[in-house]
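In: What follows is a predicted structure for the sequence shown.
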Amino acid sequence: MIRLSNISKRFGDAAPFAVNDVSLSVTEGETVVLLGSSGCGKTTTLKMINRLEEPTSGEIEVDGRNIAEVDVLSLRRSIGYVFQDIGLFPHLTIRENVEIVPRLLGWASSRRRARADELLEQVGLAPGEFASRRPAQLSGGQQQRVGIARALASDPVYLLMDEPFGALDAVTRDQLQTELLRIKTSFGKTVVFVTHDLFEALRLGDRIGVMNRGRLEQIGKPEELLHSPATSFVAELFGHARRQADLLEGAPS
Ligand SMILES: Nc1ncnc2c1ncn2[C@@H]1O[C@H](COP(=O)(O)OP(=O)(O)OP(=O)(O)O)[C@@H](O)[C@H]1O
Ligand SMILES: [Mg+2]
């Protein structure tokens, strides 16, 4: 499991807190969604979990070990990370992009290739058609699928996903959400998923953590946030969702 205890981060002594005293834990097999608007500290929080950023104060444990004291590479081996900006290597083929971590782990080329092709298949990209292309020859949504395949390549226990379905049309987004739910259930991944989309959070999150200006306003099951919001910020956010849902239910078909 993943546990954050009183985590704060500021980028410089005079800077405001990007993340301010956040504590939360994610249990095995659970999906926790971090929800909040632009600049509230979601990416910074996610990055600290695999040490792409170091906290200014506080402690993070993964599998009961303080991550400041474990080898970064072995930490990252257990964590798949889907970047907000995807970050595929443009000069590598799609297959080579997916093989990056297995290559670092020293897998034989036949095993790497079989794994990459299996994953491309799983995220809906036929290897025969896509594996030899470069990222620039894929649509944005297809590139996001590659980002997900790459994060899954070494079969990590944990998956950190930073707005992986941002900038996708509603239909593709819906398909990929379904796909993620399937992958999560069949492979038992523990997921931290970042989004600014409330409906995506409601669909994917076993629990949702609402962030606002670096603070975790509340974390709980969707129905807890809907029915017993802890702060006016959460009440307003979920009140809006409820009104939209009511509108949809009341809409003539
Ligand atoms: N490397 C950095 N140096 C200085 N400030 C930073 C750095 N990275 C993030 N920040 C600041 O920290 C705050 C939180 O940024 P973060 O990227 O975590 O937000 P976010 O919630 O992921 O936003 P978005 O939804 O737009 O991706 C912002 O005010 C941002 O400007
Ligand atoms: Mg972000």
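Out: Here it is on my side, so go on. Ligands and ions are numbered 1, 2, ... in the order given.
In: how about the closest residue to ligand 2 within the stretch 51-200 of the chain, what does it touch?
Out: Residue of the stretch 51-200 of the chain nearest ligand 2, by C-beta to the ion: Gln84 (4.9 Å). (Each C-beta comes from the backbone N, C-alpha and C, glycine too.) Contacts for Gln84 were tallied using C-beta atoms under 8 Å, 6 or more residues apart in numbering; they are Thr43, Asp162, Glu163, Gly166, Val194.
In: let's see 6 Å
Out: For Gln84, the contacting residues are Thr43, Asp162, Glu163, by C-beta atoms under 6 Å, 6 or more residues apart in numbering.
In: Let me see the ranges of the helices in this structure.
Out: For the chain, the helices defined by DSSP state H occupy 42-49, 72-77, 94-98, 100-104, 109-122, 127-130, 140-152, 170-187, 198-204, 222-227, 232-250.
In: which secondary structure elements does the last one contact?
Out: Under the contact definition 3 or more C-beta pairs under 6 Å, 6 or more residues apart in numbering; DSSP states H and E, helix 232-250 sits against strand 215-220, helix 222-227.
In: which residues make contact with it from outside it?
Out: Taking C-beta under 6 Å, 6+ apart as the rule, helix 232-250 contacts Leu198, Val210, Asn212, Glu217, Gln218, Leu225, Leu226, Pro229.
In: Not counting residues beside it along the chain, what's closest to the second one?
Out: Excluding its sequence neighbours, the residue lying closest to Val210 (C-beta to C-beta, 6 or more residues apart in numbering) is Glu217, at 4.6 Å.
In: which of the contacts of helix 232-250 lies closest to Asp21?
Out: Ranked by distance to Asp21 (C-beta to C-beta), the contacts of helix 232-250 are led by Glu217 at 11.8 Å.
In: Tell me the residues of the protein that contact ligand 1?
Out: Contacts of the chain with ligand 1, taken as C-beta under 6 Å from any ligand atom, map to Phe11, Ala18, Gly36, Ser38, Gly39, Cys40, Gly41, Lys42, Thr43, Thr44, Gln84, His196.
In: which residues touch the nearest residue to the first one once chain neighbours are set aside?
Out: Closest residue to Phe11 apart from its sequence neighbours, by C-beta to C-beta, 6+ apart: Ala18 at 6.2 Å. When contacts are counted by C-beta under 6 Å, 6+ apart, Ala18 touches Lys9, Gly41, Thr44, Gly214.
In: my guess is the last one contacts Asp21, does it?
Out: This points to Gly214. No: look at Gly214 against Asp21 with C-beta atoms under 6 Å: they stay out of range, at 8.4 Å.
In: For burial, what's the neighbour tally of the residue in the stretch 1-150 of the chain that ligand 2 sits nearest to?
Out: Nearest residue of the stretch 1-150 of the chain to ligand 2: Thr43, at 3.1 Å (C-beta to the ion). By the criterion of other C-beta atoms under 10 Å, Thr43 has 21 neighbours.
In: on that earlier part again, return the per-residue confidence for the residue nearest to Phe11.
Out: Ala18 carries a pLDDT value of 98.
In: Check the offset of stretch 93-110 from the chain's centre.
Out: 22 Å (C-alpha atoms, centre = their mean, to the nearest Å).
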